[in-house]
Structure formats: structure tokens, C-alpha cells
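Peer 1: Provided below are the primary sequence and the corresponding predicted coordinates.
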Amino acid sequence: MDPDAQLVQLCLRGDGLAWEDLVRRHTRRIYYLCYRFTGNRHESEDLTQDVFLRIYRTLVNYRAAQGTFATWITSVARNLLIDHYRRTRRDRQTSSLDDDESRVQEQEAPGRKPDQLAQVSELSHQVQRALQRLSPELREAVILRDLQGLDYREIQQVLAVPEGTVKSRINRGRIELGRVLEQMGIRPE
Amino acid sequence: MAWTCEQIEEGLSDYLDDLLGPAERVEFAAHLDSCARCAPMAAQVSRLVAGLHRLEPVEPPPQLVTAILDRTIGPKLSKKSLFGRMEILWQPRFVLGLATVAATLAIVFHSMGARASRPTLANLSPASVYRSADRHAHLAYARSVKFVNDLRLVYEIQSRLQTQPPPEPAPEPANAPGQQAPAKKSSGQVNHAIPHGPLPVLCAEAVVNLQQRWVR
């Protein structure tokens, strides 16, 4: 049985420590998803909290037979991100990125030489800027596939669209992102 | 099947994610090898995907989990935060202060006569506390007086020994005829002269003299 599903069962019986474990297991991934989608750390913190708040309130609705808990929470996060995107469309500035902090954190990643770290950090910064220029549909498809590592079936469940649409969005998102990076003068090695 | 450039663009992710069949994959690769338009695009997207997979996730702020828990199950002491708050108890300053307070309390309770082995509620009544404190005060006074007296005795013996002249080895002369022997002292007479004799005898005599003087 999925460990997350076991934790959900314990949560539904009122086990606070199980909920804490569940939060700790998924906070990093959901925060990263929010950050890559919004490009803003503060908004990502708030959105991550909103995701878990909604999960906590609707935990009784989770059905393990319909998919993993990770897919379910990603789906909830995606819906909140789209809502947030529509709500803040008018006053959003695509240049309001705060990647400097993430640059520093990524440079501290172990197991890489300094020159590699610098390259990865620079690419991360530029990818973040380029992602903001994609439509939300293409952006979320690329993020889920290439930054979150979901397979096509999981993405289909998260986005609730046909498989062909998932493939098309991922493909178009990658090509578009490559073009944007090329326009920015970035060429991933 | 011959792939067109449009089909190549649409199927590029299938090719990169290895979703094509063996035959399709060979034909796809053949088109890329021969098409000057599609090959750069495929190489660009391939590099992009590889680059995206190498990116490290951005770490969330440390307080995010606590904030989530506060908003869901309310403020609580998680295992880590509880341990973090307990860390203050292991600081040297806190431990030293705690030991000082414990020692002070131990002295106070001991002076009150409270016994840690058998504590009773009666030990804390005002009358009991007063009696116990009074008894301990008198005992402490008596012990200090005895200590000072003992000290005086020792110093007096020491001073007498220092003022005693060294013994002369000259033999005791026999009493000449017609000379009277010295009269014996009465038993009640106190000898205040400096005695002469071996050291233990001198000490014993000094102690007796001092005790008699203090008794008076």
C-alpha cells in the first residue's frame, strides 16, 4: 500500500503526527511547483500553504484507487495555481522575479564542481524567466513533465485532459521554451 | 512512412521521451539526419530537456512546514521545534543558575531541619520551622564556641612550648646535708610557674591548667 495512503488513513483517524509527516513529505515538491509556475517566492509560500489547507479540508475525499496522493495534491496545486494566475493576471509583471535567492541555494547543491554549479544556476535563472513568457497551459505541462518528473499518465490525471492534449502541450511547451531561451541568448549545454 | 517536417515537430517529444516504436524511431532519426530545418530544432529541444532535468529544486523556507501546520492543525510543538526549545536548558549559563538555586534551596531546607528522605507537611508549619531554626542556630553557636576554644588551647600550648628554655643536661645535685628539701605543693595549689619536663607531660599539664582556668 502507498505510504501516503496509509498516512492519509491515520490522518482521518485524527493522528496529527501522520499529517505532519504528510506535510513534510510533499512541501518541497509543491513549493517548487508553485515557484516555477509563479516565479515569486512569497506567492509560492502562500500558495503552498493554501494547497495544504485545501488538502486538509478535503482529505476525506481522497481515493487511493483513483491515483496516488502525490498526483492528487499536484492536481489541487495546479488548480490553485491557475486560479491564482487568472486572479492576478492584470497586476502581474512578468519581470518580477526574485531568483537571486534560488541562485545562491542552487550553488550550494552538493556533488558538483563550482563551474558546473554556476552553469546550472544561470540556466535555472534563465529558465525561470523564460517560463514566465509561456502560456499557463504550456508552462504547467513543461513544469510537470521536465521539472517535476511526472509521466504522461500522471500529467493527464493532474490536468484532466486527454492524453493527446498532454503530449501536444508538452511538445509545444518545450519547443516554445527553447525558442524563448534562444531569443534570450541562452543555449543549454 | 515518410515523416514531414510538421509531423517531426509534433512528434518530437515522443521521440525524446522514447515513446515511438522501433520502426518509427528509425524513420524519425532518418528525417533528422537529412533535414536542415528539423535537426537544429530537435538538437535544441534535446539540450533543453537535458538541462531542465539537471536543475536542482529550489528549497522552501524552513518555517514553511511550521506555518502549514499552524494553519491546519493549529499551533503545536512539532518534534523538532520542541527539541529546539529544549536546547536552552542545556546552555551552561542556565545550568549554572539552576545548580545555584538548587544549592541555595538545599541549604535553606537543611537549616530548617527538613529531611529530603522523609518530607512531611508538618515541617512547613511556622512553629516547626521556628523551633527547628532556633535549635540549629544554637547548635551552630555552640559548635563555633567550641571550635574557638579548641583553637585557643592549641595556640596557648604552642606559645608555652616556644617560651620554654631548652633543657639543661646537668645532673641533679644531691642534697647537701643541712639543706632542706623543697616543700611539697599542696594538692589544691595551682602551679603557675613554667614547668620543666618531657613534652607530653608539659602538654598535659598545660591542658589541665587551661581547663581549670576556663571552668572558673
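Peer 2: Yep, that arrived. Numbering: from 1, shown residues only, chains lettered A, B, ... in the order given.
Peer 1: right, and B:Cys38 touches B:Gln7 too?
Peer 2: No - using CB atoms under 8 Å, B:Cys38 is not in contact with B:Gln7; the gap is 9.8 Å. The C-beta positions use only the backbone N, C-alpha and C, and glycine is treated the same way.
Peer 1: neighbour count for the two, which is higher?
Peer 2: B:Cys38 (21 against 14; other CB atoms under 10 Å in any protein chain shown).
Peer 1: what mean pLDDT does stretch A:64-83 have?
Peer 2: Stretch A:64-83 carries an average pLDDT of 94.
Peer 1: tell me the secondary structure for the closest residue to A:Tyr32 other than its chain neighbours?
Peer 2: Using CB to CB, 6 or more residues apart in numbering or on different chains and skipping the chain neighbours, the partner closest in space to A:Tyr32 is B:Pro57 (4.4 Å). Three-state assignment for B:Pro57 (DSSP: H, G, I helix; E, B strand; the rest coil): coil.
Peer 1: look up phi and psi at B:Pro57.
Peer 2: Torsion angles at B:Pro57 (phi, psi; degrees, to the nearest 10) stand at phi -60, psi 150.
Peer 1: show me what contacts it?
Peer 2: Residues in contact with B:Pro57 (CB atoms under 8 Å, 6 or more residues apart in numbering or on different chains) are A:Arg28, A:Arg29, A:Tyr32.
Peer 1: can you put these in a markdown table and add distance to A:Glu43?
Peer 2: Converted to a markdown table, the contacts of B:Pro57 look like this (distance: CB to CB, whole Å):
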| residue | distance to A:Glu43 |
| --- | --- |
| A:Arg28 | 17 |
| A:Arg29 | 17 |
| A:Tyr32 | 13 |
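Peer 1: doesn't A:Val142 make contact with A:Arg174?
Peer 2: Yes - using CB under 8 Å, A:Arg174 is in contact with A:Val142, at 6.1 Å.
Peer 1: buried sites along the longest helix along chain B?
Peer 2: Among the segments of chain B that qualify as a helix by DSSP state H, the longest is helix B:126-163. For helix B:126-163, the neighbour count (16 or more other CB atoms under 10 Å in any protein chain shown) marks B:Ser128, B:Val129, B:Arg160 as buried.
Peer 1: what segments of chain B are helices?
Peer 2: Assigned by DSSP H, chain B shows helices spanning B:5-10, B:12-16, B:22-34, B:38-54, B:64-72, B:79-86, B:92-111, B:126-163, B:199-215.
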